[in-house]
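Test case, fold it:
(chains A, B and C)
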Amino acid sequence: MSEVKTETIVTMKDKNLKNVTSTQKVMKIITQVLLYIFLGVMAIIVIFPFYWMIISSLKTVAEYELPIPTLFPKTIVWANYTEAIQAADLYNLFKNTVIVGVVSTLLSLVITVISAFVFARLEFKGRDTLFAILLATMMIPGELFTITNYITVSKWGWVGNELTPLEGYGVLIVPFLVSIFYIYLLKQNFMQIPNELYLAAKIDGTKDLKYLWKVMIPLALPTLISITILKMMGAWNSYVWPRLVTTKEYHLITNGLRTAFQDANTGTANIPQQMAAVTMVSIPLFLVFIFLRKYIMKGVSRSGIKG
Amino acid sequence: MTNQSVAKKKHIWDKVSEKFDIFCRKIKLDKWKAWLYLLPTIVLLAIFTFCPIINTVSMAFTVYWDPEAPVYEYDESGNILTDDETGKKVVLGYGEYKGYNIALDIAGETDFEFGFNNFISVLKYNGFIQIMKNTVILCIMTVPISTLLALLIAVCLNAIKPLRRLLQTIFFMPYVTNSIAIGMVFAAMFNIVGVNEHNLDASRSLGIINSVLGVLGMDPVNWINQGSSYWANIAVMVIYIAWNALPFKILILLGGLQSVNKQYYDAAKIDSTPPWRVFTRITVPLLSPMIAYVVITGFIGGFKEYTSIIGIFGEGMQPPGAGAGTPRLQTMVGYIYDALGTNSQGTASAAAIILFLLIFAVTLINLYVSKKKTHY
Amino acid sequence: MKIVLQNLTKIFPPRDKKRGKETIAVNNFTFTIPDGKLVGLLGPSGCGKSTTLYMISGLQAPSGGKIFFGEDDVTELSPENRGVGLVFQNYALYPHMTVKQNILFPLQNLRGEDRLTKEQMIERAYDAAKLVQIDELMERKPSELSGGQQQRVAIARALVKMPKVLLLDEPLSNLDARLRLQTREEIKRIQKETGITTIFVTHDQEEAMSISDIIVVMKLGVVQQVGAPQDVYDDPINLFVAKFLGTPPINVFKGSVKSGKLVINGAEVMDVPGIDDREVFVGIRPEGFIPAADGSFECNLSNVEVMGRDVSVVSTNEASLNPFVRSIIDADYKIDKSATTIRFALKPHKVFLFDEKTEERIKFEVN
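A predicted model of the protein is given here:
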């Protein structure tokens, strides 16, 4: 039996509890106030660039260049937007981006769904090996593929001037149709659907494709939505590849932005106009974010991949 | 919807499926069905993923002998030595191994051979040290800053109730942006209008950031304009990259915090644990897997930094007038694309492989450290 | 440390603000826990016993009423400042710390004049570990311990700062049957040795009865009865308490009182002096039956289970509210297993009458 010298121990047992209550209340309030101050300051820092973008886009150049900046435009200049559209040929850029975004998302969804289904449900020799190889390639930085892909598409004649729309858009879409990460994501989701459902459907004589369409896709819809949004955002944000392989005719939105407003000789820019263009590029993203926040966050927390 | 249309829909699907199955059976492909489904995926992967890996590796190790290439002499800092009298470059001799080049390959008159010269020329490239310096500085500054801030914000968000969803949404906003577009906004915020090399023109805008600094009683800084210093440029990049990296880190860390069993915090309360100790002794250790994750992804992102620099500095990747040669803020990815642009596929491939190895090594080191630091 | 609960009430707001109803978890609980006693809070799940415990710990704030530790009102005090020890149902040991670090943790939090030197802390940690007999596991991580060992670590961590009161939330529910028996004796021993006022929560009446000095039986947020385990068992205040305590459970019958006699299933079984004629529920403890050929209470015999020292007689009776009537009788009585009926005499002090509507106890004089 162990020994304990309880009588020698003097701490909590004899501590006086009076007078603690009020200080503790004050401390709690102070802590909460400090928390909100910190979060508020950080939130302002985070959101300030967006605010600055929008109000700058509505200022005259003269107002923008005042030594003491105004926090709200004195005169609101909507013309910045129309001028920005012309200066950067935004119509064409928007059109290209939408075409590339929609087509690549649709095709990529079909490929992703079918591949994920095969890996999740069908039994065949070499399935696990193949999937392991696919996963291993995810570690390799994209730049390594770009070098050869550039050579490949050049050989096909998909690079340069005077491309047909099929070639021009094709070169932006085809190399990125298969995303191993999305296949992986969807496969994991499909695996959670009990196999019994599939076997039962088999016994009933249901065909694979019909089962996929009727059972698995509805159940995996949230993941599919996440993938759709991330893929669309990818098209919206892609910069390097289009710059490398296309000329102005097939440039995407980001390519046109950076250079369009810079005066080639002086290097100075019409910043309000530039901000108007940037606002127009950002707003579709914000709209998607506001309405589909849940799916984006879900997709992102599982991926860590931007766009 | 009427029953009829439902029936019709089913009918079409059955038909498609059935036709497909009959087709499969006819050409005896039933047991190859899985491969048939995978055909588009595998073809695309073969062309755009598997071949490039093999091809890139092989290009990286392919060189040719150029008997007419002059061999220059270099000084200690890697610059080509020039003759003091004539001002011409000092030529030691002629003949050198050069890297793979697609144009020569297509022309078909060059004998290519196996060699390490692509790697040697990347490592000997006099801008390589600059690139590594940029990368390391950006990584070791942005990763700790953004991780620490994200951790603090996540813990604070987790400790409040009203306004939490609103704040969470605000903190996630930088994620859904175009890094070039918002880079331009940051550039505008730091930009000084009408700067010249010698002084700042006080009669025009010094940029909103300098105005704020002025309110706080600090001198304006030339951040990104002509004549700005390297460290001012780096400071802007660090701020932008950290700002951009916050949302993802907050999302992961907040998710981690919310999955921590509340009882640990209750137990800490019962044990009269002061808040700071709760943070260091309970929150951080319990979150350590997530922290390791955001640190690793942060380092990987840091090594691949490219578009954010273009967003702020443009395609020159340095402030105007910062000199010819290697751009001041060049990165590994930028170097690869520049090499591609000059048709030096061999060098680009070698650089891409070096980048991969660097990322791989940093990831392994991170994993090793976090294994030692995460206690369970 | 004496603990006083005064009109303690906890109301949880509805989950769905528009439609849901608020839940009264604890309703007007008044009770004084004497210094140095082991008190068991007992009741079925959802009776508010855990909520009461968490209100004493300070982790949950009461909606009404007051809590005193000794003379000090601690109702508003946050858990950090109460100086209680709490053993969680899942133990909540910090998974990244060793056993030693877990036990040291509360001591390292002490500030000001309470602060101990490093040597004192380690000595205290080892004292606590010895008390719960885990001093040989100090360098292990919680994941390397068995359930019972984790439980001891949790107790050591709660005890090491010598709390004013030790609170245990379902301390034995995660242990297997054998460990449970052993550990509950341990808890009793530790409590005796330290003399710390201890409150524990359980839904297992046997556990509560076996080690508590005082048990508090609760139902739907309302305290039913408080007292020494044997007193509550022998003198239940209502049908709920009578049914909740005891294994096998009490047998309940529908019956009536007619001119001083208790009538079950048409037969007069016992004298119940001093009660007016009325319909009643009759509770008879399993040990209240004595087999007797001339017994007044007849049942249809179904089965006889011999358990060594005792015999369990399973029978049926039309007035019984349970499917079977279970009686425990001394193995000395020989029961004819082939008989179809069996007759019992009843021990009057094992028979309780309850009002048919309120289910409150109706007392009668036992001669």
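
Which residues outside the lengthiest helix in chain C are in contact with it?
Assignment by DSSP state H gives helix C:177-194 as the longest helix of chain C. Contacts to helix C:177-194, defined as C-beta atoms under 8 Å, 6 or more residues apart in numbering or on different chains, come from residues A:4, A:6, C:38, C:131-133, C:147-148, C:151-152, C:155, C:159, C:162, C:166, C:168, C:171-172, C:175, C:198, C:200, C:207, C:210-211. Just so you know, the C-beta spots here come from the backbone N, C-alpha and C atoms, and that holds for glycine as well.

which element follows it toward the C-terminus?
strand C:197-202 (DSSP states H and E).

Just the buried residues of that following strand, please?
Of the residues in strand C:197-202, C:197-202 count as buried by neighbour count, 16 or more other C-beta atoms under 10 Å in any protein chain shown.

Please apply the same query to stretch A:209-229.
In stretch A:209-229, counting by 16+ other C-beta under 10 Å, buried: A:209-212, A:215-217, A:220, A:223-229.

picking up where we left off before, how much does the longest helix of chain C deviate in direction from strand C:197-202?
160 degrees (axes from the mean of the first three to the mean of the last three C-alpha atoms, to 10 degrees).

Quick one: mean pLDDT over helix C:177-194.
For helix C:177-194, the mean pLDDT works out to 84.

Now do the host helix or strand of B:Ile182: distance to the chain's middle.
Taking DSSP H and E as the definition, B:Ile182 sits inside helix B:179-190. Distance of helix B:179-190 from the chain centroid (C-alpha atoms, centre = their mean, to the nearest Å) equals 17 Å.

which residues are in contact with that helix?
A:49-50, A:52-53, A:56, A:237, A:239, A:254, A:257-258, A:271, A:274-275, A:278, A:281-282, A:306, B:174, B:207-210, B:223-224, B:236, B:239-240, B:243-244, B:307-313.

Please name every helix or strand in contact with the helix or strand that it is followed by.
Using DSSP H and E, the helix or strand that follows helix B:179-190 towards the C-terminus is helix B:208-215. Secondary-structure packing of helix B:208-215 (3 or more C-beta pairs under 8 Å, 6 or more residues apart in numbering or on different chains; DSSP states H and E): helix B:179-190.

picking up where we left off before, reformat the buried residues of strand C:197-202 as CSV; add distance to chain A and pLDDT.
Shown next, in CSV, are the buried residues of strand C:197-202 (distance: C-beta to the nearest C-beta, whole Å; pLDDT from 0 to 100):
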residue, distance to chain A, pLDDT
C:Thr197, 10, 91
C:Thr198, 13, 92
C:Ile199, 16, 93
C:Phe200, 19, 91
C:Val201, 21, 92
C:Thr202, 25, 90
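
Same list (those) but as JSON lines, adding distance to C:Tyr54.
Formatted as JSON lines, the buried residues of strand C:197-202 follow (distance: C-beta to C-beta, whole Å):
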{"residue": "C:Thr197", "distance to C:Tyr54": "17"}
{"residue": "C:Thr198", "distance to C:Tyr54": "16"}
{"residue": "C:Ile199", "distance to C:Tyr54": "11"}
{"residue": "C:Phe200", "distance to C:Tyr54": "13"}
{"residue": "C:Val201", "distance to C:Tyr54": "9"}
{"residue": "C:Thr202", "distance to C:Tyr54": "15"}
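
of the residues you listed, closest to B:Met332?
C:Val201 (60.9 Å; C-beta to C-beta).

Give the buried residues for stretch B:347-360.
For stretch B:347-360, the neighbour count (16+ other C-beta under 10 Å) marks B:347-356, B:358-359 as buried.

Show me what the biggest helix by length in chain B is packed against.
Looking across chain B with DSSP H, the single longest helix is helix B:128-159. Judged by 3+ C-beta pairs under 8 Å, 6+ apart, helix B:128-159 is in contact with helix A:20-57, helix B:164-172, helix B:230-259, helix B:284-303, helix B:332-341.

can you tell me the average pLDDT over it?
93.

Output the below-cut-off pLDDT ranges for the stretch 201-350 of chain B.
The model of the stretch 201-350 of chain B has pLDDT under 70 over residues B:201-203.

Which positions in it make contact with chain C?
Contact residues (C-beta under 8 Å from any C-beta of the partner chain) of the stretch 201-350 of chain B with chain C: B:261, B:263-264, B:266-267, B:269-274, B:277, B:281-282, B:285-286, B:288.

which residues of chain A score low on pLDDT?
Scanning chain A for pLDDT under 70 picks out A:1-21, A:262-268, A:301-307.

re the thing from before, out of the helices and strands packed on helix B:128-159, flag the one nearest C:Gln230.
Closest among those, using C-beta to C-beta: helix A:20-57, at 39.6 Å.

Tell me what angle the closest one forms with helix B:164-172.
On the basis of the same axes, to 10 degrees, helix A:20-57 is oriented at 40 degrees to helix B:164-172.

So helix A:20-57, near chain B or not?
Yes: contact of helix A:20-57 with chain B (C-beta under 8 Å from any C-beta) involves A:31-32, A:35-36, A:38-39, A:42-43, A:45-47, A:49-50, A:52-53, A:56.

Name the next helix or strand downstream of that helix, please.
Following helix A:20-57 in sequence, per DSSP H and E, is helix A:61-64.

Sweet, I'm off.
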